[in-house]
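J.: When you get a sec, could you give me coordinates for this:
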Amino acid sequence: MNENRRTTLQVAGGAGLYAALVSIGMLKPGIASAQAFDRAAFQAKGIADTLKALGAADATESKDVTIVSPDIAENGAVVPVGIRSGVAKTQMMALLIDKNPNALAAAYDLLEGAAPEVNMRVKMGQSSDVVAVVKADGKFYMARKEIKVTLGGCGG
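T.: Coordinates of the predicted model:
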């Protein structure tokens, strides 16, 4: 794959689900233009740098964005996390994990009319803040939650 492109779904093992969601029109096709995210966003090391790379440095905290996850994950190799948006005209959702080597864990471009909710399983090497970023009607919103990990998922 060309390094200057990215797939809309950056979750390990998600290719089958991704193909199914594209085929039923719930996600946009696999390659997104640099206007939404580029390689820099997936390579950024912390939350602040990743928000800047996404163009979301001015994201507003919102109670309409919810992170659905356990407060304590017993196995960091498989942490279930969901993002729900109550913001009208949600276009994009992204999940950032502060203490992971690369903060941006997943990014989803949603088609108009799609339910503004995504669920995934992510790997977390240690307890960390996670941030959900939502783009809706050209504005960015976010929510933050700490997830404690008892058994690390990155070699632990």
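J.: For this protein, just list every one of the helices.
T.: For the chain, the helices defined by DSSP state H occupy 15-23, 39-43, 47-54.
J.: tell me what the last one is packed against?
T.: To tie it back to what came earlier, the one meant is helix 47-54. helix 39-43, strand 90-97, strand 104-109, strand 128-136 (3 or more Cβ pairs under 8 Å, 6 or more residues apart in numbering; DSSP states H and E). C-beta coordinates here come from the backbone N, C-alpha and C atoms, glycine included.
J.: Of all the helices and strands in the chain, which has the lowest average confidence?
T.: helix 15-23 (a mean of 63; mean pLDDT, DSSP states H and E).
J.: just to revisit the earlier point, nearest to residue 56, of the helices and strands packed on helix 47-54?
T.: With Cβ to Cβ, the closest approach to residue 56 among the helices and strands packed on helix 47-54 belongs to strand 128-136: 5.3 Å.
J.: got a list of contacts for that closest one?
T.: 47, 51, 54, 56, 59, 62, 65-67, 69, 81, 83, 85, 87-100, 116, 140-147, 149 (Cβ atoms under 8 Å, 6 or more residues apart in numbering).
J.: Throw together a PyMOL command that grabs the buried residues out of these.
T.: This is how PyMOL selects the buried members of the contacts of strand 128-136, with burial counted by 16 or more other Cβ atoms under 10 Å:
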select buried, resi 47+51+54+56+59+62+65+66+67+69+81+83+85+87+90+91+92+93+94+95+96+97+98+99+100+116+140+141+142+143+147+149
